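J.: below are the sequence and a predicted model for it; my questions follow.
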Amino acid sequence: MRILVVEDEHKIANSIKKGLAQELFAADAIYTGSEGYDMAASEEYDLIILDRLLPGIDGIEICKKLRSQEIHTPILLLTAKGQVEDKVEGLNAGADDYLAKPFAFEELLARVRALTRRPKATLGHVLSVGTLTLDTLTFSVEREGRPLALSSKEFSLLEYLMRHAQKVLTKEQIIAHVWNYDANILPNTVEVYIKLLRSKIDKPFTNPLIHTVRGFGYKIG
């Protein structure tokens, strides 16, 4: 999953980005409100972590502008203000959750996981497609009860495919949700990782799960 972090304190932004990367999220860190709004409005993200007080455009205004454009990406608003009226203002502006500073990364991570589950709440943290299962909390993957060892990027790619089982996903969609904005992606990068995944979750088994839809992209199911 791909997350946008908009926070003007570089140390906090980079710390959040690093922590999310360790949890296998693709994360982009932006330090001004104007750039954060541009990224949120033009790129596809699964979640936005947004500071309330930002240079350029503040977090409240960004929320309002995104919602007015029918962009419904979940937003977790960060702020140094913890008063009830401040929380209400943020939620009324379109934020989905609110976290006051200072906070423990574990709490932020729990809120991130809760928000990213909301659109597909019935999936929970264990995803299943046929005999293949993936646990987003333990980062474990099994097929027919056999544990499979995946790299972090292979895991992220498989999770994205499984969250959209039976749907055809283009290379552009896959890149937008699995890789960071500034990642150096070659034209055949997705093909390479699909081939690696197939060698682990399909080749040793009878029925293939990952399918190429020529001219469109890939689907699992």
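T.: Everything's here; your move.
J.: all helices of this protein, in order?
T.: Secondary structure of the chain (DSSP state H): helices at 10-22, 33-42, 59-68, 84-93, 105-117, 152-163, 171-178, 189-201.
J.: quick one, the first one and helix 152-163 angle?
T.: I take that to be helix 10-22. 70 degrees (axes from the mean of the first three to the mean of the last three C-alpha atoms, to 10 degrees).
J.: tell me the helices and strands packed up against the helix or strand of the chain at the bottom of the mean pLDDT ranking.
T.: None of the helices or strands of the chain scores lower by mean pLDDT, DSSP states H and E than helix 84-93, at a mean of 81. Identification of packing neighbours for helix 84-93 by 3 or more C-beta pairs under 8 Å, 6 or more residues apart in numbering; DSSP states H and E yields helix 59-68, strand 75-79, strand 97-100. Placement of C-beta: from N, CA and C, glycine included.
J.: could you measure from the residue nearest to residue 108 when sequence neighbours are not counted over to residue 139?
T.: Excluding the flanking residues, the one nearest residue 108 by C-beta to C-beta, 6 or more residues apart in numbering is residue 99, at 6.1 Å. For residue 99, the distance to residue 139 equals 24 Å [C-beta to C-beta, to the nearest Å].
J.: in terms of neighbours, single out the busier of the two.
T.: Using other C-beta atoms under 10 Å as the criterion, residue 99 and residue 139 rank with residue 99 on top: 19 against 13.
J.: tell me the contacts of that one?
T.: Contacts for residue 99 were tallied using C-beta atoms under 8 Å, 6 or more residues apart in numbering; they are 76, 77, 78, 79, 107, 108, 111.
J.: residue ranges of each domain in this protein, please.
T.: For the chain, automatic domain parsing gives the domain ranges 2-120, 125-220.
J.: can you tell me which of the ones you listed is packed in deepest?
T.: domain 2-120 (a mean of 17; mean count of other C-beta atoms under 10 Å).
J.: just to revisit the earlier point, could you find the lowest-pLDDT member of the contacts of residue 99?
T.: The lowest pLDDT within the contacts of residue 99 belongs to residue 79, with 84.
J.: hmm, that residue is touching residue 98, no?
T.: Yes - in this structure, residue 79 is within contact of residue 98 by C-beta atoms under 8 Å, at 7.2 Å.
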